[in-house]
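Colleague: Sharing a model that was predicted from the sequence below.
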Amino acid sequence: MKSTARKTLSKLSLSLYAFASLGGGMTDFPIAIFLIPFYSEVIGLSPALIGWLALIPGIYDAITDPFSGNISDRTRSRFGRRRFWILLGSIPLGLSFWWLFAPLRGMEAASFLIAYLFFFTFMDFVFIPQMAMRAELSADYDERTRIQGYNRAFWIIGLLQGVFIPMILGGIFPDKRASYALMGLIMGAFIAGAGLITFFGTRENPAFWRDTHVSLSEGLKAIGQNKNFMLLIICNGLYSIGCAIPNTLLIYYALNWLKVPEADVLAAVPIYLVASVLSVPVWVALSKKIQKKPTYILAFITAGIGGLFCLFIPRGQVLPLYFIFVIAGAGYGGLMAIPGAMVADVIDLDEYKTGDRREGVFFGVWEFFRKFAHNIAIWLVMQILALIGYVQQTQQTPQVENGIRLMFALLPMFFYFTGAVVISFFNYNKEEVEKVQQMLRSKVGPERTATPSEPTPAPPAR
């Protein structure tokens, strides 16, 4: 990108930057919806064991995120500091995704654990730097929401592919295990290719490169003292839990509460994702009118209402789920589109105070809390299933069936509504962001030089 001062980026530039997210989105639903049932229902591992096996790499992944971000902040190469890691991680990411759905026979538990560790490692290599670039493509308050909107729209389109491809290929062979292995191979190749498209199609802006003056531990301490960023992190964790619970339970909910074919419920997922994609421009436009915080609150409330309505779906009826997923999907679109742009604004304030550009560390910490919350939610769901008496591949008791229903509907609503309350304490608005932007233009780099007529405003109190 040639200039950070340019307010509107071309659609081609935004699309090439966001293309990696198309591949990243393809991983979400296979991992969230199909992976756990694949290992419990097809491979035959117990839910409790799967929960522990998924938790270990999940915690590992969360811990490594800030380190991955810090490394990309400090990297200097002929490819830049972010693109180098996208190039390094794209192909191994695709291979590790394939391995997850093609475990070694006779060593399925160990294979699951090791493949998951590799998968998370290379997800970090690709997507922590790619997220960090999001704050470097533009310094404009509203343009950042547009960048985030493109990025998350591509991710959601990838989610759609991640639903349709397993549905099409999951039964292509009589042996479901072979079908899932083929799915993993095809999707893994696309995931790798999407990352490479972003690598070749995007250029970094050296105007944002800074020599890092503080250690990772000092940087993490400073981030921990940033009230607004910590509020965003808490909300991101609540959103992640709210998403992970119904994603993990969707197939169990279909088979054990609604008592409808798995395919009928999975047909609701594309409706959910299409509603999400279509809602993103609406959320972006709304954030320009009422700013980002109120828009974020409305997105939480919308998603929470969608969860609550699931409580009232009668057994044997899947049509109401389709209508509810329109509402829930619209909320999901807002929760995907808005918060990343708010993080980019907070990073500018940190740069003004420290002189460092630490997008990698910020988004690494961001991903740490998101993934930690997500994996804790999966572990918790699987342990609750075991505690209430769920037994795979058999008829469940009424207690188990009703427990699945209550978890699916009420727990996400609780976390989404809590997120709406927490983000209401965020207090960094557009006017303050623009003051910081003026000061940065007057301090650093030819790409951000203020015009002589610009006054130097007082920094916002924080």
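Modeller: Okay, I see it.
Colleague: From F101, how far off is the closest residue to D348 other than its chain neighbours?
Modeller: Distances taken as Cβ to Cβ, 6 or more residues apart in numbering place V436 nearest to D348, at 5.1 Å, with adjacent residues excluded. C-betas here are computed from N, CA, C, even on glycine. As defined by Cβ to Cβ, to the nearest Å, V436 lies at a distance of 46 Å from F101.
Colleague: Return the helix or strand in the protein with minimum mean pLDDT.
Modeller: For the chain, using mean pLDDT, DSSP states H and E, the weakest element among its helices and strands is helix 216-224, scoring a mean of 72.
Colleague: where does the stretch 151-300 of the chain have low pLDDT?
Modeller: 170-171, 206-216, 219 (pLDDT under 70).
Colleague: Show me where it has its helices.
Modeller: Listed in chain order, the helices of the stretch 151-300 of the chain (DSSP state H, counting those that start in this stretch) span 176-201, 216-224, 227-253, 262-266, 268-290, 292-309.
Colleague: element containing the residue nearest to D348?
Modeller: Under the criterion of DSSP states H and E, V436 resides in helix 430-443.
Colleague: what does R357 give?
Modeller: R357 belongs to no helix or strand, assigned by DSSP H and E.
Colleague: for the one 3 residues further on, same thing?
Modeller: Using DSSP H and E, the element containing G360 is helix 359-387.
Colleague: do the same with D124
Modeller: Here D124 sits within helix 108-134, counting by DSSP H and E.
Colleague: what separates the nearest residue to I423 once chain neighbours are set aside from G331, distance-wise?
Modeller: Nearest residue to I423, sequence neighbours excluded (Cβ to Cβ, 6+ apart): C235, at 4.8 Å. In this structure, C235 and G331 are 13 Å apart, going by Cβ to Cβ.
Colleague: quick one: common contacting residues for these two?
Modeller: F300 (Cβ atoms under 8 Å, 6 or more residues apart in numbering).
Colleague: and the residue nearest to L159 when sequence neighbours are not counted, how many neighbours does it have?
Modeller: By the measure of Cβ to Cβ, 6+ apart, the closest residue to L159 outside its immediate chain neighbours is G25, 4.5 Å from it. Look at G25: counted by other Cβ atoms under 10 Å, it has 25 neighbours.
Colleague: which SS state does G25 fall under?
Modeller: The three-state label given to G25 by DSSP: H, G, I helix; E, B strand; the rest coil is helix.
Colleague: didn't it look like it was pressed against I157?
Modeller: Yes: shown here, G25 and I157 form a contact pair, counting by Cβ atoms under 8 Å, at 6.6 Å.
Colleague: Return the residues in contact with the residue nearest to L196 when sequence neighbours are not counted.
Modeller: Of all residues not flanking L196 in the chain, S90 sits nearest, at 5.1 Å (Cβ to Cβ, 6+ apart). Taking Cβ under 8 Å, 6+ apart, we find S90 in contact with 20, 122, 126, 191-196, 199.
Colleague: again, 7 Å this time
Modeller: S90 sits next to 126, 192, 195-196, 199 when contact means Cβ atoms under 7 Å, 6 or more residues apart in numbering.
Colleague: quick one: what helix or strand has it in it?
Modeller: S90 belongs to helix 83-100, assigned by DSSP H and E.
Colleague: What average pLDDT does that helix get?
Modeller: Mean pLDDT, computed over helix 83-100, is 95.
Colleague: Equivalent analysis for stretch 311-323, please.
Modeller: Stretch 311-323 carries an average pLDDT of 92.
Colleague: Give me the residues contacting that stretch.
Modeller: With contacts defined as Cβ under 7 Å, 6+ apart, stretch 311-323 is touched by 257-260, 264-265, 268, 271, 409-410.
Colleague: Any idea how far apart the tips of that stretch sit?
Modeller: Counting by Cα to Cα, to the nearest Å, you get 13 Å between the two ends of stretch 311-323.
Colleague: heads up, I number from 35, so please use that
Modeller: Sure, I'll start counting at 35 from here, so that last one is stretch 345-357.
Colleague: Any buried residues in it, and which?
Modeller: For stretch 345-357, a neighbour-count test (16 or more other Cβ atoms under 10 Å) marks 347, 352, 355 as buried.
Colleague: Export these as TSV, with columns for distance to K255 and secondary structure.
Modeller: Below are those laid out as TSV (distance: Cβ to Cβ, whole Å; DSSP: H, G, I helix; E, B strand; the rest coil):
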residue	distance to K255	secondary structure
I347	47	coil
V352	50	coil
L355	46	helix
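Colleague: From those residues, pick the one nearest F152.
Modeller: L355 (35.2 Å; Cβ to Cβ).
Colleague: Tell me how many other residues surround P432.
Modeller: As a burial measure, P432 scores 7 neighbours (other Cβ under 10 Å).
Colleague: got it, and L46?
Modeller: 9.
Colleague: name the element it belongs to?
Modeller: With DSSP H and E as the criterion, L46 is inside helix 45-63.
Colleague: R180 is in contact with V318, correct?
Modeller: Yes: at 6.0 Å, V318 counts as touching R180 under the criterion of Cβ atoms under 7 Å.
Colleague: okay, the contacts of S124 in TSV with neighbour count next?
Modeller: Shown next, in TSV, are these (neighbours: other Cβ atoms under 10 Å):
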residue	neighbour count
V160	28
A226	21
G229	30
L230	17
F233	24
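Colleague: ok, now which ones touch S55?
Modeller: If you count contacts by Cβ under 7 Å, 6+ apart, S55 has them with 185, 188-189, 192.
Colleague: wait, I meant I65
Modeller: So I65 contacts nothing (Cβ under 7 Å, 6+ apart).
Colleague: Show residues contacting stretch 425-437.
Modeller: Counting by Cβ under 7 Å, 6+ apart, 74-75, 81, 290-291, 422-424 sit against stretch 425-437.
Colleague: Same question for stretch 187-205.
Modeller: In this structure, residues lying in contact with stretch 187-205 by Cβ under 7 Å, 6+ apart are 52-53, 55-64, 68, 210, 213-214, 216-217, 220-221, 297, 300, 303-304, 307, 310-311, 314, 367, 370.
Colleague: And the residue lying closest to Q471 once chain neighbours are set aside, its phi and psi?
Modeller: Using Cβ to Cβ, 6+ apart and skipping residues adjacent in sequence, the residue nearest Q471 is A173, 5.6 Å away. Dihedral pair for A173: phi -100, psi 0, per degrees, to the nearest 10.
Colleague: how close does the closest residue to I418 other than its chain neighbours get to L122?
Modeller: Distances taken as Cβ to Cβ, 6+ apart place M441 nearest to I418, at 6.6 Å, with adjacent residues excluded. Distance, M441 to L122, by Cβ to Cβ: 39 Å.
Colleague: Which one's more surrounded, those two?
Modeller: A side-by-side neighbour count of M441 and L122, using other Cβ under 10 Å, places M441 first with 22 against 18.
Colleague: residues contacting that one?
Modeller: M441 neighbours (Cβ under 7 Å, 6+ apart): 279, 283, 415, 418.
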